[in-house]
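**Student:** the following block contains a protein sequence and its predicted model.
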Amino acid sequence: MQKEGEVSSLDGMTRPAAVAGLFYPAGAGLLRETVRRLLAEAEDLHLQDVRALIVPHAGYAYSGPVAASAYRQVQGRKISRVIILAPSHYGHFRGVAVVPGGSFVTPLGRVPIDPLARALAESPPFFPERPVPVQLPSWAKTTPFERGLSQGLPHMWEHSIEVQLPFLQEAIGTFTLVPALFGEVDAREAARVLARFLDNTTLVVASSDLSHYLPHEEAVLVDRQCIGAIRQLDVDGVREADACGRLPMATVVYLAREFGWEPRILDYRTSGDTSGDYEAVVGYVAVAFCASEKISQVSMTCHETEAGNRGEGGEATAGSHLKDAKTEEAKPWDLSPEEREILLKLAREAIWSAVTGNPPPRVEVWRLPERLRQPAACFVTLKRGGQLRGCIGTLIPREPLYEAVIRRAESAALADHRFPPVRPEELGDLEVEISVLGPSRPIRGATPEEILSQIQPGRHGVILRVAGQHATFLPQVWEHFPDKEEFLAKLAQKAGLPQDAWLWPEAELEVYEAEVISEGGA
């Protein structure tokens, strides 16, 4: 029962510092001096396009140097929003608790919560913070808010987000915050939802320490397994690691696999290295995830429409529109029948392996045609009985085409958030379609007519980006929306925007072509 004077949510409130004077200095002057010194002592590796970090969250006397090695890589960079994924040490719940509005305060000042937090909080498994069972930490009585606020709010007592803020305030200056506290949750599902909210000025921070209270030599061996899994983007290895933030870290690894982010191990130490006590230590690692080129984030699921009895996806097979387009201009790939058959076979094998729990298909890469080893972006669409059963893709050509097809096929079978995972008994009924994408190009115009004149139905897939939201329709979707204005209105709707958002001055549109490979097709 809520007591008099308590609140049921931090939404719209200012959350005061809970661990100032415990995990880091309480005075603004000393705190600023401490953080600046740690950042100055860390090496700047001049990494390009850092998209995510893994950072420890212990007291600065223990993990401060390791944390600084991460934040040094983004110091002075243009970052407007930071999403912190952190484990709940004191609250017990399922899902990911988000404070939708208000601000967090440290001795260095106020950090406002980004409006995106409210939208994220309405997207399961994320939810708006609410009272949950909380075991108060031993230091609770030293906080400035022990009385008058709910003891059941997990964010109120959590240090794993708060300790990141002073480093961020010094390293990047002004930014908005999305605070996300992890209970028990499917990291894959969290990543799929989170991916829809990322853009080029958003930094994701996974807050985690590694092993706890082992002798130094044993801790190093245990932590080495976790670090190896991060380096290999081994989601299962990270998810099973001896680390309090294993689920936030696994979520970032999922994102890295999907978007082609490359992990860079920056530093590893134990508390023994900073305190001199090696009998029972805690492990700390800093990792940066970098995009090798500019990423333009898009929705990872494809052609999602209100197509009624044609299936929720509003999908279409390669039809006459695409064949007509081919006579007009060559496809970006023009794959041979042999190359198409190889890709379909790899997709089929990947789906079977993923659904039945077997290892992914072994590929004799040296036997593959040269073009299948070149980087490419693709989507894999699954249908059953003519209805959409899953569709996942990427617009960024970061991996060889054969590997992109394998990964997207696995994801389409198991990780399309609109559908339950494919079951073994469905395998015989699935139809597989692969869309191999060519390069995209922007379209610009001062009037709607100028914009529409550059889009060709049946030939062009379209990407829309506006107000931090993004989505794409593959060229096949023209079969359901042959009118250009209706097509773009539905695309804006898919991105969670008003139907006229494609006309907004800040809207960005790009078009691309795709070669569609379907079973039984040409």
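**Tutor:** Sure thing, it's come through. Numbering: from 1, shown residues only.

**Student:** contacts for the longest helix anywhere in the chain?
**Tutor:** Within the chain, and with DSSP state H defining each element, the longest helix by residue count is helix 337-356. Outside helix 337-356, the residues within contact range by CB atoms under 8 Å, 6 or more residues apart in numbering are 335, 358-361, 363, 368-369, 371-372, 380, 382, 401-402, 405-407, 409-410, 412-414, 421-424, 426-427, 430, 432, 434, 436, 517, 519. (Glycine included, C-beta is placed from N, CA and C.)

**Student:** do that again at 7 Å, thanks
**Tutor:** Applying CB atoms under 7 Å, 6 or more residues apart in numbering, the contact partners of helix 337-356 are 359-361, 368-369, 371-372, 380, 402, 405-406, 409-410, 413-414, 422, 424, 427, 430, 432, 434, 517, 519.

**Student:** buried subset of the residues you listed?
**Tutor:** Buried subset of the contacts of helix 337-356 (neighbour count, 16 or more other CB atoms under 10 Å): 360-361, 368, 371-372, 380, 402, 405-406, 409-410, 413-414, 422, 430, 432, 434, 517.

**Student:** if we can go back for a sec, may I see the buried residues of the following helix or strand past the longest helix of the chain?
**Tutor:** From helix 337-356 onward toward the C-terminus, using DSSP states H and E, the following helix or strand is strand 375-384. By neighbour count, and taking 16+ other CB under 10 Å as the criterion, the buried residues in strand 375-384 are Ala376, Ala377, Cys378, Phe379, Val380, Thr381, Leu382, Lys383, Arg384.

**Student:** relative to helix 337-356, how tilted is the next helix or strand after strand 375-384?
**Tutor:** Toward the C-terminal end, the helix or strand that comes next after strand 375-384 (DSSP H and E) is strand 387-393. Strand 387-393 runs at 100 degrees relative to helix 337-356, counting by axes from the mean of the first three to the mean of the last three CA atoms, to 10 degrees.

**Student:** following strand 387-393, which helix or strand comes up?
**Tutor:** strand 399-400.

**Student:** what comes into contact with the following helix or strand past that following strand?
**Tutor:** Sequence order places helix 401-414 as the next helix or strand after strand 399-400, per DSSP H and E. Helix 401-414 is contacted from outside by 343, 346-347, 350-351, 354-355, 360-361, 363, 368, 372-374, 376-382, 390-393, 421-422, 434, 436, using CB under 7 Å, 6+ apart.

**Student:** any low-confidence regions in the stretch 201-350 of the chain?
**Tutor:** Low-confidence regions of the stretch 201-350 of the chain, defined here as pLDDT under 70, cover residues 292-332.

**Student:** how many neighbours does Leu221 have?
**Tutor:** 10 (other CB atoms under 10 Å).

**Student:** am I right that it is in a helix?
**Tutor:** Yes. The assignment for Leu221, made by DSSP: H, G, I helix; E, B strand; the rest coil, places it in a helix.

**Student:** state the distance from it to Leu214.
**Tutor:** Using CB to CB, to the nearest Å, Leu221 is found at 9 Å from Leu214.

**Student:** and if you look at Pro115?
**Tutor:** Distance of Pro115 to Leu214, given as CB to CB: 42 Å.

**Student:** those two: who's more crowded?
**Tutor:** Using other CB under 10 Å, the more surrounded residue of Pro115 and Leu214 is Leu214, with 20 against 14.

**Student:** the more buried one contacts Val222, doesn't it?
**Tutor:** Yes. At 6.4 Å, Leu214 counts as touching Val222 under the criterion of CB atoms under 7 Å.

**Student:** so Pro482 sits in a strand?
**Tutor:** No. Note on Pro482: no strand contains this position according to three-state DSSP, which reports coil.

**Student:** contact partners for the nearest residue to Tyr62 once chain neighbours are set aside?
**Tutor:** For Tyr62, ignoring the flanking residues on the chain, the nearest one in space by CB to CB, 6 or more residues apart in numbering is Ser271 at 4.5 Å. Residues counted as contacts of Ser271 (CB under 7 Å, 6+ apart) are Tyr62, Val281, Val282.

**Student:** please, which helix or strand holds the first one?
**Tutor:** This points to Tyr62. When secondary structure is defined using DSSP H and E, the element that contains Tyr62 is helix 60-71.

**Student:** so which bits of that helix are buried?
**Tutor:** Burial within helix 60-71, assessed by neighbour count using 16+ other CB under 10 Å, is assigned to Tyr60, Tyr62, Ser63, Gly64, Pro65, Val66, Ala67, Ala68, Ser69, Ala70, Tyr71.
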